[in-house]
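Colleague: the sequence and its predicted three-dimensional model are supplied below.
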Amino acid sequence: MVGGLVRFPAWRSTELATHALRPPGSGLRARGMEGACKVSGTPALELQSVRRAYGFGHSATVALDDVRLTVRPGRFVSLIGPSGCGKSTLLRLVAGLERPDRGEVRVHGVTPAEACAAKMIGLVPQSPALLPWMSVLRNVTLPQRINPGAARRRARIPGSTGRESAPEIPSMRELLVKAGLGEAMHKLPAQLSGGMRQRVAIVRAFGLRPDVLVMDEPFSALDEFTRESLQDQLLDLWDELRTTVLFVTHSVSEAVRLSDAVVVMARNPGRIVETVELDLPRPRGERLFGERRFHEYEALVRDRLRRAWHSDAA
Ligand SMILES: Nc1ncnc2c1ncn2[C@@H]1O[C@H](COP(=O)(O)OP(=O)(O)OP(=O)(O)O)[C@@H](O)[C@H]1O
């Protein structure tokens, strides 16, 4: 299933292992190589030779080693890889929750700390952190109310899109309706199902108009059909707002369905081994599941993931 690939033999090459891939027999042209330093303008995300280790000496865990990644604005990129390969660590570095031991992380050209202060980064964790005493509407509008200075700081950052001032961007109420939460707007989180709570968290994150949205396995606790329905709603919101998304998942089909590119990681040490560019049409509704190319990409990513599982360097 991997004929027609552009293959690079050295997975731990110091160059970014970003490969333009095409499914067999598809007749597709290989797409431009994201992250191969041919990005014009300021990238939404840039990680240069990033290393992050926990602990010291022989007992240290190298969560990330020599990680290089460049993401153009407006792209949806998923991270996939075996447990412990550093996916969440990478997200935490981008979100400014941790700092690298070596290397640099930039969000639209500034440090994650500056980007956070300017509310350029949104975060959707695995389980939604909603305030239980506030209605859905108050929960989603809270971040805007408590940080009025963020817009000013953001306006000073040249790379930021400053989306909050764009007139065509829908309001929080509109986003809630779009996410199927119109009826639930005045309910408390405890009155909602798990899937609805996660949708509220996604609307809240998108509603802040972040330049970059990082999502850490947001659908992992949900059943398959709820998951698919949330993928639909996520894609609807993303189609409208075109926020840059960095999305962690363990599901190959979820990664292929949602993404423009899937970054495959391996562990010991945590590192990027390959990036699969997905040339699938959008919008990506349910019909995608019946398309041959979708399944070819799934098989390709699964193959790369299998190799990553067997490629522990330690
Ligand atoms: N705060 C910490 N202290 C010590 N070790 C840590 C810490 N955070 C992460 N690690 C280690 O770093 C490595 C990468 O962890 P990380 O959570 O980023 O992996 P992951 O790919 O997100 O895993 P999973 O898919 O299981 O969520 C693991 O070996 C983990 O045990």
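Modeller: Looks like it came in fine.

Colleague: CA only for contacts and neighbour counts going forward, please
Modeller: Fine.

Colleague: check the offset of stretch 213-230 from the chain's centre.
Modeller: Distance of stretch 213-230 from the chain centroid (Cα atoms, centre = their mean, to the nearest Å) equals 13 Å.

Colleague: do it and the ligand meet?
Modeller: No - Stretch 213-230 lies out of reach of the ligand by Cα under 6 Å from any ligand atom, never closer than 8.3 Å.

Colleague: now that stretch: buried residues?
Modeller: Neighbour counts over stretch 213-230 (16 or more other Cα atoms under 10 Å) mark 213, 214, 215, 216, 217, 218, 219, 227, 228, 230 as buried.

Colleague: which of those sits closest to residue 297?
Modeller: Set against residue 297, the nearest of the buried residues of stretch 213-230 by Cα to Cα is residue 228 (18.0 Å).

Colleague: the helix or strand containing that closest one packs against which elements?
Modeller: Using DSSP states H and E, residue 228 maps to helix 224-241. Helix 224-241 sits against helix 172-178, helix 194-207, helix 252-258, with contacts defined as 3 or more Cα pairs under 8 Å, 6 or more residues apart in numbering; DSSP states H and E.

Colleague: now mean neighbour count too, for these, in TSV please.
Modeller: Output for those, formatted as TSV (neighbours: other Cα atoms under 10 Å):
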stretch	mean neighbour count
helix 172-178	18
helix 194-207	23
helix 252-258	21
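
Colleague: so is stretch 57-69 next to the ligand?
Modeller: Yes - Stretch 57-69 reaches the ligand (Cα under 6 Å from any ligand atom) through 61, 63.

Colleague: okay, that stretch in CSV with CA atoms only?
Modeller: The C-alpha trace of stretch 57-69 is given here as CSV (Å, rounded to 0.1, in the frame of the first residue of the first chain):
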residue,chain,number,x,y,z
GLY,A,57,21.4,12.2,34.2
HIS,A,58,20.8,8.5,33.3
SER,A,59,17.2,8.5,34.7
ALA,A,60,16.1,11.5,32.5
THR,A,61,13.2,11.0,30.1
VAL,A,62,13.8,12.8,26.8
ALA,A,63,10.2,13.7,26.0
LEU,A,64,11.2,15.6,22.8
ASP,A,65,14.5,15.6,20.9
ASP,A,66,15.5,17.8,18.0
VAL,A,67,11.9,18.5,17.1
ARG,A,68,11.4,20.8,14.1
LEU,A,69,8.0,21.7,12.8
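
Colleague: contact partners of it?
Modeller: When contacts are defined by Cα atoms under 8 Å, 6 or more residues apart in numbering, stretch 57-69 is touched by residues 14, 16, 35, 45-55, 84-86, 89-90, 103, 267-272.

Colleague: and with 7 Å instead?
Modeller: With Cα atoms under 7 Å, 6 or more residues apart in numbering as the test, stretch 57-69 has contacts from 16, 35, 46-55, 85-86, 89, 268-272.

Colleague: buried ones in it?
Modeller: Residues of stretch 57-69 classed as buried by neighbour count (16+ other Cα under 10 Å): 61, 62, 63, 64, 65, 66, 67, 68, 69.

Colleague: state the mean pLDDT of it.
Modeller: The average pLDDT within stretch 57-69 is 93.

Colleague: what's the span of stretch 123-141 from first residue to last?
Modeller: End-to-end distance of stretch 123-141 (Cα to Cα, to the nearest Å): 15 Å.

Colleague: apologies, that question was intended for stretch 103-114.
Modeller: 17 Å.

Colleague: now find how far off-centre that stretch is within its chain.
Modeller: 16 Å.

Colleague: stretch 174-194 too?
Modeller: 24 Å.

Colleague: can you list contacts of that stretch?
Modeller: Stretch 174-194 has contacts (Cα under 7 Å, 6+ apart) with 130, 132, 133, 134, 135, 136, 137, 197, 199, 203, 233.

Colleague: out of those residues, which are close to the ligand?
Modeller: Among those, proximity to the ligand is found for none (Cα under 6 Å from any ligand atom).

Colleague: any idea how far residue 41 is from residue 217?
Modeller: 30 Å.
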